[in-house]
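Trainee: build the 3D model from these lines:
(one chain, ligands or ions: 1)
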Amino acid sequence: MYQFIQDQHHYVLSVDNHVSLMEALTAFCKDQNILSGTIGGLGAINEATFRFLDPATKQYVDKTFSEQMEITNLTGNISEKDGKPYLHVHITASRRDYTCVGGHLLDAKISGACELTVDAFPELKPGRRADEETGLNLYRF
Ligand code: FE
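Mentor: Residues are numbered from 1 along each chain as shown. Sure, this is the predicted structure:
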């Protein structure tokens, strides 16, 4: 599903082709017991579902893009919710015509390669709590 190398709390990951990006990233965090940190990455995907939260209605709007795209930026953070890694990941991806789409990443299927870095912060323990006003799972320090 993925391969990685590591220097203390710094990781370099390669997610296998045709694999679900979020499945691999979640499995990696669970396997390494990472509950705090940052994620960065790039790669290529061909099936991606992004999410937009409408603040007026607090309703999520999801959209799937079934086409070959480059991950021009992937940025995220890792915190802890209910004792498990909670991944918050945003993405921008470019299409064949060089236009970009982006949003909150629900999932994407790797189509080529996906290269990620994860920096873990074992001494920091950000948690999450559901916030009624925004409809978001906000940091709990
Ligand atoms: Fe988000």
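
Trainee: and the closest residue to residue 134 other than its chain neighbours, how many neighbours does it have?
Mentor: Closest residue to residue 134 apart from its sequence neighbours, by Cβ to Cβ, 6 or more residues apart in numbering: residue 55 at 7.1 Å. All C-beta atoms are positioned from the backbone trio N, CA, C, and that covers glycine. If you count neighbours by other Cβ atoms under 10 Å, residue 55 ends up with 11.

Trainee: pLDDT at residue 55, what is it?
Mentor: You'll see residue 55 listed with a pLDDT of 88.

Trainee: begin at 309, not 1, for the rest of this chat.
Mentor: All right, first residue 309 from here; so that's residue 363.

Trainee: where do the strands sit along the protein?
Mentor: For the chain, the strands defined by DSSP state E occupy 310-315, 318-323, 345-362, 367-373, 377-389, 392-402, 408-428, 435-438, 445-448.

Trainee: which among those strands is found nearest to residue 338?
Mentor: strand 392-402 (6.1 Å; Cβ to Cβ).

Trainee: correct me, but the residue nearest to residue 442 touches residue 441?
Mentor: No - Residue 363 is beyond contact range of residue 441, at 9.8 Å (criterion: Cβ atoms under 8 Å).

Trainee: could you pull out the residues contacting both of these two?
Mentor: Both residue 363 and residue 441 lack any common contact, where contact means Cβ atoms under 8 Å, 6 or more residues apart in numbering.
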